[in-house]
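K.L.:
Okay, sequence plus prediction incoming.
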Amino acid sequence: MVSLYLRDKGVRQFVNLGAGMDTRPFRISQLEATETTWFEVDFPAVTEYKNTMLASANAQPKCARHCVVANLTQKGWTAELEKKGFDPKAPTLYLLFPTLRFFILFLIVPFPGGWLKD
C-alpha cells in the first residue's frame, strides 16, 4: 500500500498510528529516492524499546523518520505530531492497522459472552 501511494498518488508524508514494532520505513526501498517523512506515534515504552532494538541492529531508515511519543486516547497527540514537523496541509497516508485491531478487540471483549450480539 505504501509503495502504491508513493508511486501513484505522490504522497510524501506517512503517519503510523500505534506503530508498535513496524519497520516499514526501514524496509521499503522506494522510500530512498523520495523526500518522504514518516511519523510513528506510540506510547513511550514502545517507542523507547523499538528505538533501542533498531540502534542495536544498526538499522537506518530509508527516509526521514520521526517518533512521536503520545497516547492516542488522550488529547494533544496531534499537537505533538506537528511539533515533530508534520504538515497538516500536505497529502498524508495514515496507517491504522495495529490501532484498529486494538479498538476492535476493545469493542468486542467487554460485552457479555465476548462478542457483540443482535
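P.N.:
Structure's in. What do you need? Residues are numbered from 1 along each chain as shown.

K.L.:
quick one, helices of the protein?
P.N.:
2-4, 24-27, 44-56, 77-83, 97-108 (DSSP state H).

K.L.:
so where is the chain shaky, pLDDT-wise?
P.N.:
98-118 (pLDDT under 70).

K.L.:
Which residue would you name as the spatial centre of it?
P.N.:
The centroid of the chain falls nearest to residue 16 when counting by Cα atoms, centre = their mean (1.4 Å).

K.L.:
Show me what it bridges to in the sheet.
P.N.:
For residue 16, the beta-bridge partners under DSSP bridges are residue 40, residue 95.

K.L.:
Tell me the spacing between it and residue 96.
P.N.:
As judged by Cβ to Cβ, to the nearest Å, residue 16 and residue 96 stand 8 Å apart. In short, each C-beta sits where N, CA and C put it, glycine included.

K.L.:
cool, and residue 6?
P.N.:
Counting by Cβ to Cβ, the gap from residue 6 to residue 96 is 18 Å.

K.L.:
More neighbours: which of the two?
P.N.:
Comparing residue 6 with residue 96 by neighbour count (other Cβ atoms under 10 Å), the higher total belongs to residue 6, at 20 against 14.

K.L.:
show me the residues around the more buried one that make contact.
P.N.:
12, 28, 30, 31, 34, 36 (Cβ atoms under 8 Å, 6 or more residues apart in numbering).

K.L.:
count of neighbours near the residue lying closest to residue 10 once chain neighbours are set aside?
P.N.:
Among residues not flanking residue 10 along the chain, residue 91 sits closest, at 6.8 Å (Cβ to Cβ, 6 or more residues apart in numbering). When neighbours are defined as other Cβ under 10 Å, residue 91 has 11 of them.

K.L.:
Residue 9 too?
P.N.:
Residue 9 has 10 nearby residues by other Cβ under 10 Å.
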